[in-house]
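1. sequence isn't available, so here's the structure alone:
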């Protein structure tokens, strides 16, 4: 790379420029996504301005569009998912990187990756026909009786609601959190662990002092990547959230999410402003997930990959 | 003091093991129901017939073929682009700000919701050509698979020892030939693994196809027509009010999950033989 070659053959020039072009294309795709979203939502941006974010009414018939119910549904389901999948995913990562013997590691690791491979539409199907009845008939009545005094668990159990959406999302982001934080923990130098053990630490103390402390930023990054995935997940949530633009403190309430409203109404949007409003919902989603992902990747890279990109010679 | 520390240690070890157990429970719960409900609804007609009218039997033959077509289309575009970009990042430019930017953008791109890709492709292709099409669905899925192909390929190319490239240099072989006939074949199995995993991932994608491939009750006769795919059909059938269609959705889910798992297992086996050889 550094040494100048005597002559660049035509073959070299072709491969270099062709591969360079595809590299440019990758950056181009990202810019294209943002630009196209922005252009398509201009009409709505112009019409509603910032009020779009706080508007509670979504009424295509009267041409009034506000995105708050969708933002609310997306945030609540994602937070539920994060609260459940965060600790479990982290536990799995520790189990896989620090505890499990090689055979168990490869089996459990494979199973977790298989969980990530299940198409979201299949999880949604399971959510409608298996999880929803179970939640509506067993879990939610029970929670309502025990914890009904908390607004979170108040209301009639339906099964197709924020809780279902959150649980399905938890299943979906668990592999993301587990595999990326495992990758980060594996990148922790062994001397960190040996040093802790040499000081007489128990295994847990070694993990806490030697591994978790070292990999902290990467682990936070993996959780944020999980959050980003939850925010943008479409099919499974659309199928189990109930698709009603409600804003209710109860997890037993039907709701709507940003991705779900796009999925449901996009092909029905009969006039320009309607379509533009849906595009703006997409733009908000794009902006949030973009920022979260940039932030999270920087954190993960700081531990595991490193923007240096290694060296050639 | 000593016992308290040991106790805490044992407790935490138990907690982490429990987390691993909890994590695999949903996998078996989902796979179990897909298997149970899918097998009872699956029959030969499912693979050979077109969808029936509202709520009546029939099959998903067109959707199975449609999925193969759209995924093949996406792979034809996405895999070469991904591999080429990875070649650039690994062989031509490892350290400049530009390659860091590309690498970073590619990583961030994996986190962009797939439905966003769907609506952008809709705005860019469907609106301009004025019709939904298998082609636009293929483009959307290609965009989604490119980052994972890049990442997997680049990682594999990096594992290729430098001595191999230097040997090529020493023999006076032009760099492009070293890359194409020595470096790439050395990493071929790993690259294949990455490509197969990317294919598995897009095979189940639904959201980006809603506004591009759209779905179709019949066979699509050209890439310019809307096309049915398995994930789309599962979605439409699942939210329909008909019992018979719900059954079909489970059957579809079984077929889809089968395809995805087979791709995953094959991908991993390919990788294992590579590791075994070295």
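-> All right, it came through fine. Treat the numbers as computed from the prediction; the structure is a model and nothing was measured.
2. hey, let's count contacts and neighbours off CA atoms from now on
-> Will do.
3. ok, now which ones touch residue 61?
-> Answering for chain A, as no chain was given. For residue A:61, no residue meets the contact criterion (CA atoms under 8 Å, 6 or more residues apart in numbering or on different chains).
4. chain B was what I was after
-> B:46, B:47, B:48, B:49, B:50, B:51.
5. excluding chain neighbours, what is closest to the third one?
-> Looking back up the chat, that one is residue B:48. residue B:61 (5.1 Å; CA to CA, 6 or more residues apart in numbering or on different chains).
6. redo the contacts of residue B:61 as a markdown table? Include neighbour count, secondary structure and pLDDT.
-> Compiled in a markdown table, these are given as follows (neighbours: other CA atoms under 10 Å in any protein chain shown; DSSP: H, G, I helix; E, B strand; the rest coil; pLDDT from 0 to 100):
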| residue | neighbour count | secondary structure | pLDDT |
| --- | --- | --- | --- |
| B:46 | 20 | helix | 87 |
| B:47 | 18 | helix | 90 |
| B:48 | 14 | helix | 87 |
| B:49 | 15 | coil | 86 |
| B:50 | 18 | coil | 86 |
| B:51 | 23 | strand | 85 |
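7. quick revisit: any idea how far the residue nearest to residue B:48 lies from chain A?
-> 19 Å (CA to the nearest CA, to the nearest Å).
8. ok, that residue to residue B:141 distance?
-> 21 Å (CA to CA, to the nearest Å).
9. can you give me phi and psi for residue B:227?
-> Per-residue torsions, residue B:227: phi -140, psi 140 (degrees, to the nearest 10).
10. that should have said residue B:215, apologies.
-> Here residue B:215 shows phi and psi, under degrees, to the nearest 10, equal to phi 110, psi 160.
11. can you list phi and psi of residue B:241 for me?
-> Torsion angles, degrees, to the nearest 10, at residue B:241: phi -90, psi 0.
12. residues touching the residue nearest in space to the middle of chain A, list them.
-> Nearest to the mean C-alpha position of chain A, by CA atoms, centre = their mean, lies residue A:229 at 1.5 Å. Residue A:229 is in contact with A:173, A:289, B:111, B:112, B:113, counting by CA under 8 Å, 6+ apart.
13. show the pLDDT at the fourth one.
-> Listed pLDDT for residue B:112 reads 94.
14. and it, helix, strand or coil?
-> Under DSSP: H, G, I helix; E, B strand; the rest coil, residue B:112 falls in the coil class.
15. looking at the stretch 151-300 of chain A, what residue ends up closest to chain B?
-> residue A:232 (4.6 Å; CA to the nearest CA).
16. so what's the closest residue to that residue other than its chain neighbours up against?
-> Using CA to CA, 6+ apart and skipping the chain neighbours, the partner closest in space to residue A:232 is residue B:113 (4.6 Å). Taking CA under 8 Å, 6+ apart, we find residue B:113 in contact with A:229, A:232, A:233, A:234, A:286, A:289.
17. picking that back up, for residue B:243, see how far away the residue nearest to the centre of chain A is.
-> According to CA to CA, residue A:229 and residue B:243 sit 32 Å apart.
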